[in-house]
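Trainee: fold the following for me, if possible:
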Amino acid sequence: MQFIKRLFCMMLSVIPLLIGFLAFANNISNYDVLFANVVKPLMTMDKVSNLAAKTFRAIDNDLLIHIACNLMMIAELSIGILTTVGLIKMGKNFYQSPEVFNQGKQWVMNACILGELIWGLGFFTMGGDYFLSWLNPNLSDFQSGALNYVILMFIIYTLLKFQDT
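Mentor: Residues are numbered from 1 along each chain as shown. A predicted model of the protein is given here:
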């Protein structure tokens, strides 16, 4: 049974690995489109100009917007890297004691925590409620997309945390 539980943990870990690397690859390969159609409209709050009391939050400095976009991409890449390290450790220590095997799980759980921060704090909270993405018709599903990732990372973290290996 331990074999199956450990294999389950490793298979679950593939999810944040792929999400992290694919998100990074998608963003870097289409950076100009991402910047022009998502990040800049979000941070400049260009569709909420009729709410002057709230648009004081807008950021119109392209350099700052590029920095924020690149930090997001680095965080997503880091999720993939942390998970890769965790998977390698789990694979290398597959037949070792639970304490040793769980060291690899901890790397993946840390990746999930980073995912919670980037997609929960960054996308859902800052993008959705601070920059009011829901008022931009082109970004109206921004928060719900982020919430899907947040829930997924929480579930994976919880399953790994409480899986007796």
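
Trainee: okay, CA-based contacts and neighbour counts for the rest of this
Mentor: Will do.

Trainee: residue 29 and residue 146: what is the separation?
Mentor: 20 Å (C-alpha to C-alpha, to the nearest Å).

Trainee: out of those two, which sits in the busier spot?
Mentor: Neighbour count, other C-alpha atoms under 10 Å: between residue 29 and residue 146, residue 146 has more, with 23 against 10.

Trainee: dump the residue contacts of that one.
Mentor: The neighbours of residue 146, taking C-alpha atoms under 8 Å, 6 or more residues apart in numbering as the test, are 119-120, 123-124.

Trainee: give me the element the residue most central in space within the chain is part of.
Mentor: The chain has residue 115 as the residue nearest its centroid, 3.6 Å off, counting by C-alpha atoms, centre = their mean. Using DSSP states H and E, residue 115 maps to helix 98-115.

Trainee: now swap in residue 60 and tell me
Mentor: Applying DSSP H and E, one finds residue 60 in no helix or strand.

Trainee: cool, and the one 5 residues further on?
Mentor: If you go by DSSP H and E, residue 65 is part of helix 62-92.

Trainee: now swap in residue 23 and tell me
Mentor: Going by DSSP H and E, residue 23 is in helix 2-29.

Trainee: can you name the element that comes right after that helix?
Mentor: Assigned by DSSP H and E, the successor of helix 2-29 is helix 31-34.
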